[in-house]
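In: Test case, fold it:
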Amino acid sequence: MSNEVSIIGAGIAGLTLAINLHSQGIPCAIYETRPEPQNIGGAVMLSPNSLRLFDNMGICDDLKRLGYSFDTLYFRDPAGSLKETYPFGSVEEYGYSGLRVYRFELIDLLLEKVNVNKIPIYFNHKFSHVVFETEDTVTWQLIDGTTTTSSLLIGADGIHSRVRKYMYPDLSPKFTGIAGITAAVPTANLKLPSPDYKMPVTIVSLSHGAFVIAPQKADGSEVLIGKQKRMTELSREIWEKFFADKDASVAFLREGAEVFGDLAISATSDIPHENINVWPFYVIPKLESWSSANRRVLLVGDSAHAVPPSSGQGINQAVEDAVMLSILLGKGRGDKNDLGWWQGFRQDRVEQILLLNARVDRRRLPKILGSEEQGDDEQGFDLDWLYGIDVVAEVEKYVC
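Out: Below you'll find the model as predicted:
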C-alpha cells in the first residue's frame, strides 16, 4: 500500500499542487490521461495573486522572461476615446504586473520543478473510478485495471472531472450561453491609431459588443484578437463541428469589424486558421462539498469550480486552491472543519469572481434592446480584494 497523495491531472492545478505538497514534505504522485505533457491552448493571464505564489515556487522570473507584462486593460469606444480601465497588476501596489504567457510555457516550467524534485508523474494513465474509501485511505482504479491505494486522491482533472463523478455522479457542467472566439495574429498586421497606442484594449460598441486585442509573447510581437457571442448550448457532435469550422470563426471575427475601426479591420485581415480557438463558457453548479464523506477524495481547480475566462482568473484561482490546500495539509489540518474552512474561503473568492466576470461580460456583449443589463457598470473596477490578498498568510492565520 502506498501512503502517498495521488493527484489526477497534470495541468496547471495538478502540477502546482504536487510542487507545493512536496515543499510541505508530503509524498505525492501525478497521473495524467494524455500520453505526454500538454501542449494545448493559447496564452493565459496571470495576475499578482498567482504570480506571488509562483514567485514562492521559484518560477516567476522565468515567467516574466517568457511572457508579456502589462498593468492595465483599456476600454475604448470605436472612436478611440478612453471609457474606463481595468487594472491587472502593479509593481508599486501589489509587487507584480499582470502577465500574459503561453499555457504550455507555464506547464513546462512547472514540469521542470516536478522533475527536479523527483515527484513521480505518470502519463498515459487514465483514471477510471474510486473503488472504495475508508477513514484513512482511498482505493482507486485506472482504466487498464491497475488499482492503487492512497492516503488522499485529489481530482485536478478539469471541468469534466472523472474524479468528481465519484461524489456527484449526475452533475454536469452548465453552459452560460456565452462563447468566446479568438485568434492569434502578428502585431505587425495592426494599423494602430498612434505609435503609443496602449494595449491590451477592448473596443466597445453597444450594438456589436466588443473587440479585444491583447499582446502576447515577451516582445509583444503577437496579439490575441477575440469577440464573445451569445448562443444556445449545442450537442457534443455539433460543438465539434462548430470548433472545426474555421471559416465560420474567421467570418465571426470579421463581422462588424468596420464598426470597431481600422484597428479591427487590420487585425482581422489575415487570420491563420491554426491559431483560432473557440471557448464555450461553462461553469460548475455550486458544490455542497469539495471533499468526500471520509475526506479521502478532494477536488481542486476547475473540477471544483470552473471560472470562465472573462476576468482572466481561472488559472489564478486554481493556483490559490492548490497552494492553500497544500499548506493546510502540511500543518496536519485535514479534518472536516479544516477542509470546510478552506472550501468556504475558496468558494467566497470564486463567487466574487463570477460576479466580476458578469460585469466584464456585460461590456463585451451587444446590449439587448430594452434590457436593464447595465446594472452597476458605472462603478468602475477596484480589485484590491483580488490582487492584494496573501493567501499563504490567510492559511497561517487560520491554523494559528
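In: how far away is the residue nearest to L287 when sequence neighbours are not counted from G256?
Out: Once flanking residues are discounted, L287 sits nearest to A304: 6.3 Å by Cβ to Cβ, 6 or more residues apart in numbering. The C-beta positions use only the backbone N, C-alpha and C, and glycine is treated the same way. Distance, A304 to G256, using Cβ to Cβ, to the nearest Å: 37 Å.
In: Comparing those two, which residue is more hemmed in?
Out: A304 (27 against 17; other Cβ atoms under 10 Å).
In: Flag every buried residue along stretch 203-218.
Out: 203-205, 208-218 (16 or more other Cβ atoms under 10 Å).
In: wait, which of those residues is closest to I225?
Out: Closest to I225 out of the buried residues of stretch 203-218 is I213 (5.5 Å), distances taken as Cβ to Cβ.
In: any idea which element that closest one lies in?
Out: Element membership of I213, judged by DSSP states H and E, is strand 209-216.
In: Same check on G340?
Out: Assigned by DSSP H and E, G340 belongs to helix 336-364.
In: Which other helices and strands does the next helix-or-strand element following the strand holding I213 contact?
Out: Proceeding N to C from strand 209-216, the next assigned helix or strand is strand 222-230, under DSSP H and E. The helices and strands touching strand 222-230, judged by 3 or more Cβ pairs under 8 Å, 6 or more residues apart in numbering; DSSP states H and E, are strand 174-186, strand 209-216, helix 246-254, helix 262-267, helix 336-364.
In: chain center to the last one, what's the gap?
Out: Think helix 336-364. Relative to its chain's centre, helix 336-364 lies at 13 Å (Cα atoms, centre = their mean, to the nearest Å).
In: where along the stretch 51-200 of the chain do the helices fall?
Out: Counting by DSSP state H, counting those that start in this stretch, one finds helices in the stretch 51-200 of the chain at the ranges 60-66, 91-94, 103-116, 162-167.
In: Give me whichever of these is most buried.
Out: Highest mean neighbour count among the helices of the stretch 51-200 of the chain (mean count of other Cβ atoms under 10 Å): helix 162-167, with a mean of 21.
In: elements contacting it?
Out: Using 3+ Cβ pairs under 8 Å, 6+ apart, helix 162-167 is in contact with strand 127-133, strand 152-155, strand 297-299.
In: Do me a favour and average the pLDDT over that helix.
Out: Average pLDDT, helix 162-167: 98.
In: Give me the distance between that helix and the centre of its chain.
Out: In this view, helix 162-167 has its centroid 20 Å away from the chain centroid, taken as Cα atoms, centre = their mean.
In: Low-confidence bits of the stretch 1-150 of the chain, can you list those?
Out: Scanning the stretch 1-150 of the chain for pLDDT under 70 picks out 1-3.
In: Let me see the ranges of the strands in it.
Out: Here the stretch 1-150 of the chain has its strands, by DSSP state E, counting those that start in this stretch, at 5-8, 28-31, 43-46, 68-70, 72-76, 82-87, 98-102, 121-122, 127-133, 138-142, 147-150.
In: who does the shortest one pair up with?
Out: In its sheet, strand 121-122 lies beside strand 28-31 (parallel), with partners assigned from DSSP bridges.
In: likewise the third one?
Out: Here the strand partners of strand 43-46, with direction, are listed using DSSP bridges: strand 98-102 (antiparallel).
In: again with the fourth one
Out: Applying DSSP bridges to the sheet, strand 68-70 is found paired with strand 98-102 (antiparallel).
In: V185 is in contact with S221, correct?
Out: No. The criterion here is Cβ atoms under 8 Å, and S221 misses it with V185 at 10.6 Å.
In: So between those two, which is more surrounded?
Out: V185 (21 against 12).
In: Give me the pLDDT value at Q379.
Out: 69.
In: And this structure, what are its domain boundaries?
Out: 5-69+101-173+284-399, 176-282 (automatic domain parsing).
In: closest to V91 out of the ones you listed?
Out: Using Cβ to Cβ, the nearest of these to V91 is domain 5-69+101-173+284-399, at 8.9 Å.
In: ok, and the closest non-adjacent residue to S150?
Out: Excluding the flanking residues, the one nearest S150 by Cβ to Cβ, 6+ apart is S6, at 4.1 Å.
In: looking at the sheet around the one you found, what are its partners?
Out: Going by DSSP bridges, S6 forms beta bridges with A29, L153.
In: can you tell me how far it sits from L325?
Out: In terms of Cβ to Cβ, S6 sits 14 Å off from L325.
In: go on, Q352?
Out: The value you get for Q352 to L325, if Cβ to Cβ is used, is 19 Å.
In: G332 now?
Out: 13 Å.
In: can you check G177 too?
Out: For G177, the distance to L325 - Cβ to Cβ - is 32 Å.
In: between those two, which one's more packed in?
Out: Here G177 and L325 are set side by side on neighbour count (other Cβ under 10 Å), and the busier one is L325, at 26 against 14.
In: Quick check, pLDDT for the more buried one.
Out: Looking at L325, its pLDDT reads 98.
In: mind checking which helix or strand it is in?
Out: helix 314-330.
In: TSV for the strands of the stretch 1-150 of the chain, including mean neighbour count?
Out: Below are the strands of the stretch 1-150 of the chain laid out as TSV (neighbours: other Cβ atoms under 10 Å):
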stretch	mean neighbour count
strand 5-8	26
strand 28-31	23
strand 43-46	25
strand 68-70	20
strand 72-76	20
strand 82-87	16
strand 98-102	24
strand 121-122	16
strand 127-133	16
strand 138-142	19
strand 147-150	18
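In: In TSV: these, plus distance to S172.
Out: Converted to TSV, these look like this (distance: least, Cβ to Cβ, whole Å):
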stretch	distance to S172
strand 5-8	19
strand 28-31	23
strand 43-46	25
strand 68-70	36
strand 72-76	32
strand 82-87	32
strand 98-102	30
strand 121-122	28
strand 127-133	17
strand 138-142	22
strand 147-150	27
